[in-house]
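> Here is my input, please return the structure:
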Amino acid sequence: MTSKTVFVADGLVIIPTYNEIENIEAIIKTVFDLKKDFHILIVDDNSPDGTAANVRQLQEEFAGRLFLEVRKEKSGLGTAYIHGFKWALQKGYDYIFEMDADFSHKPSDLLRLHRACLNGADVAIGSRYKKGVNVVNWPLSRILLSYGASFYVKLITGMRIHDPTAGFMCYKKEVLQALDLDAVRFIGYAFQIEMKFRAYLKKFKIEEVSIIFTDRVNGKSKMNSSIVREAVLGVISMKIRSLFRKKTF
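Purely as a prediction, here's the structure:
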């Protein structure tokens, strides 16, 4: 009689995917090769390129560590993460991470984000701009857009965060438990700003960890003009709502 191996991890890495067949196997195996044990949850928006099918095959190799949630359609980055956050809280993970599938975030930096939370941070941000501009393979126009957006967000919200649009994160479970996840409005990259702002208003300790961000080599970026518009206009409306709903925002 054989017993199944039970893998125990206090951290869950949530990776939203849509058409990431070129990256998904490599990113999963790289995370599992780290010295710390992480679990991974892939939240796939029914990718037509077979991303979810590839993950299902890998689940046979990484049983008990690799999990998959498939949604019916492409519904936005923010809702994918909210889905993952709720899943993580139900399963009892202490540290919940956000990471892209395309290697723009270096998987080994998960260890540094985790360490920051172990050392007292409630939210750890993988920051591109804490120490200058640490971005590789972006055109100047994209760097100026991103860096300018960060300055704009700081100006409007009052947050002293160098990289408020960052999508490489670690949250302690207590943060996600304290936030009203159903009230989060934004679904694009403005979602990242809103989550930080809500944590900031709740007085959680937010710490930035300097990273080097490298633009994807394989696959196609999901950035478009509507995402930028949501971020620019949404920050103002978010700030105004917070002023009128201080106790419930």
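
> low pLDDT regions in the chain?
By pLDDT under 70, the low-scoring segments of the chain are 1-7, 219-232, 246-249.

> Mind jotting down where the helices sit in it?
Using DSSP state H, the helices of the chain run over 24-32, 51-61, 77-91, 109-118, 140-157, 173-178, 190-201, 225-244.

> hey, which of those helices is tucked in deepest?
Of all these, helix 190-201 carries the top mean neighbour count, a mean of 23, counting by mean count of other C-beta atoms under 10 Å. (Glycine included, C-beta is placed from N, CA and C.)

> hmm, who's touching that helix?
For helix 190-201, contacts defined as C-beta atoms under 8 Å, 6 or more residues apart in numbering pick out 76-78, 81, 122-123, 125, 153, 157, 159, 161, 164-167, 169, 171, 175, 179-180, 184-186, 206, 227, 230-231, 234-235, 238, 242, 246, 249.

> One more pass at 6 Å, please.
For helix 190-201, the surrounding residues in contact (C-beta atoms under 6 Å, 6 or more residues apart in numbering) are 77-78, 123, 153, 157, 159, 164-165, 167, 175, 179, 184, 186, 230-231, 234, 238.

> Between helix 77-91 and it, find me the angle.
50 degrees (axes from the mean of the first three to the mean of the last three C-alpha atoms, to 10 degrees).

> orientation of helix 190-201 relative to helix 140-157 in degrees?
Helix 190-201 runs at 30 degrees relative to helix 140-157, counting by the same axes, to 10 degrees.

> chain center to helix 190-201: distance?
Centroid separation for helix 190-201 versus its chain: 12 Å, with C-alpha atoms, centre = their mean, to the nearest Å.

> excluding its backbone neighbours, what's nearest residue 73?
Distances taken as C-beta to C-beta, 6 or more residues apart in numbering put residue 46 closest to residue 73, at 5.7 Å, once the chain neighbours are dropped.

> residues near that neighbour, how many?
Neighbour count for residue 46, taken as other C-beta atoms under 10 Å: 13.

> Residue 48 now?
When neighbours are defined as other C-beta under 10 Å, residue 48 has 11 of them.

> one step back: how close does the residue nearest to residue 73 get to residue 15?
15 Å (C-beta to C-beta, to the nearest Å).
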